[in-house]
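[1] structure for the following, please:
(one chain, ligands or ions: 1)
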Amino acid sequence: MKPTILRDQATTPDGRPLTLHEHDGAFTIRVGGVELMSSRQHHSEERLAELACAAIARRPRARVLVGGLGMGFTLRRCLACLAADARVVVAELVPAVVRWNREPAYGLAADSLADPRVDVVERDVVDVLRAEPRGFDAVILDVDNGAEGLVAAGNDRLYSARGLERLKAALRPGGVLAVWSTADDPAFVERMGRAGFSTAVERARVHAAGGPSVSLLVGRLEIR
Ligand SMILES: C[S@@+](CC[C@H](N)C(=O)[O-])C[C@H]1O[C@@H](n2cnc3c(N)ncnc32)[C@H](O)[C@@H]1O
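    So this is what the prediction gives:
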């Protein structure tokens with residue numbers, strides 16, 4: 001049996017270990033031992049990008065915020081969906097994750113990070129949202145395993161009624177919010193609705209050809 005090798009480890013701002021493992025050519029990122037992301041499963045992360053970009057990709061100079069980087073599957077699909085004049089801001093909380101992606105030997109997202117349309121900021125996505133009112137046509141959140149803080153306790157701020165107001169404020173009219181979640185989350189979707197988003201939930205397989213499903217929670221603002 002092939003071994004699982006610990007390639008690197010970092011610490012989240014809360015002091016939890018974030019680790020990169022390699023097994024038989026595939027990578028996983030774990031937080032406190034819980035799997036956050038595997039390079040073997042990325043269909044739903046890509047579908048999240050497609051759903052977020054569908055309505056806004058043709059806008060001139062479309063601007064998309066992706067939080068966080070993970071292994072860059074969502075980012076890569078955004079870049080494929082968006083035009084040459086678009087910009088994608090990637091907010092990543094843990095600088096080591098950006099370093100892992102830039103490491104050519106790992107074959108993760110070095111190519112996407114080098115795309116001239118991409119700006120990577122090693123910051124909490126909450127800070128980027130605060131700093132950029134009406135800054136984005138779409139905000140894509142795949143920072144935890146659903147609408148509950150996992151990587152950082154502070155991430156709960158994203159999913160509360162107040163957090164949704166902040167997300168709404170960072171979006172332009174007709175903007176889209178897309179959130180990855182392992183499970184359906186009717187309470188969060190209802191909060192999205194109360195915050196003024198029209199909502200839709202799509203179930204997506206973890207592999208293009210099958211596997212378990214996750215939920216992609218999408219909210220859209222009116223164009224005014
Ligand atoms: C599940 S992974 C993202 C997977 C990504 N969609 C992909 O396609 O590979 C979650 C990422 O979000 C980052 N993260 C967690 N909380 C964050 C925050 N508050 N701000 C920015 N990034 C955050 C984690 O460090 C991790 O890199």
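
[2] show me what from the chain comes close to the ligand.
    Counting by C-beta under 6 Å from any ligand atom, the chain comes close to the ligand at 36-37, 45, 67-74, 91-94, 97, 124-126, 142-143, 151-152, 155. The way it works is simple: take the backbone N, C-alpha and C, and place the C-beta from them, glycine included.

[3] by contact count, what packs against the lengthiest helix in the chain?
    Longest helix in the chain, counting residues (DSSP state H): helix 43-54. Under the contact definition 3 or more C-beta pairs under 8 Å, 6 or more residues apart in numbering; DSSP states H and E, helix 43-54 sits against strand 63-67, helix 73-81, strand 136-141, strand 171-181, strand 198-207, strand 210-220.

[4] give me the angle between the helix or strand in which residue 98 is found and helix 73-81.
    Taking DSSP states H and E as the criterion, residue 98 maps to helix 95-102. Orientation check (axes from the mean of the first three to the mean of the last three C-alpha atoms, to 10 degrees): helix 95-102 against helix 73-81 gives 50 degrees.

[5] and helix 95-102, what does it pack against?
    Judged by 3+ C-beta pairs under 8 Å, 6+ apart, helix 95-102 is in contact with strand 4-11, strand 17-23, helix 110-113.

[6] hmm, back to that, among the residues of the chain next to the ligand, the buried ones, what's the ChimeraX command?
    Remark: buried members of the residues of the chain next to the ligand, expressed as a ChimeraX selection using 16 or more other C-beta atoms under 10 Å:
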select :36,37,45,67,68,69,70,71,72,73,74,91,92,93,94,97,124,125,126,142,143,151,152,155
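
[7] dump the residue contacts of the residue nearest to residue 42 when sequence neighbours are not counted.
    Spatial nearest neighbour of residue 42, chain neighbours left out: residue 73 (3.9 Å); criterion: C-beta to C-beta, 6 or more residues apart in numbering. Going by C-beta atoms under 8 Å, 6 or more residues apart in numbering, residue 73 touches 42, 45, 46, 49, 109.

[8] if we can go back for a sec, report the angle between the longest helix of the chain and strand 171-181.
    Using the same axes, to 10 degrees: helix 43-54 against strand 171-181 is 170 degrees.

[9] tell me the phi and psi of residue 165?
    phi -60, psi -40 (degrees, to the nearest 10).

[10] got a pLDDT number for the residue nearest to residue 42?
    pLDDT recorded at residue 73 is 98.

[11] before we move on, what about residue 209?
    89.

[12] over to residue 13?
    Value listed for residue 13 in the pLDDT field: 94.
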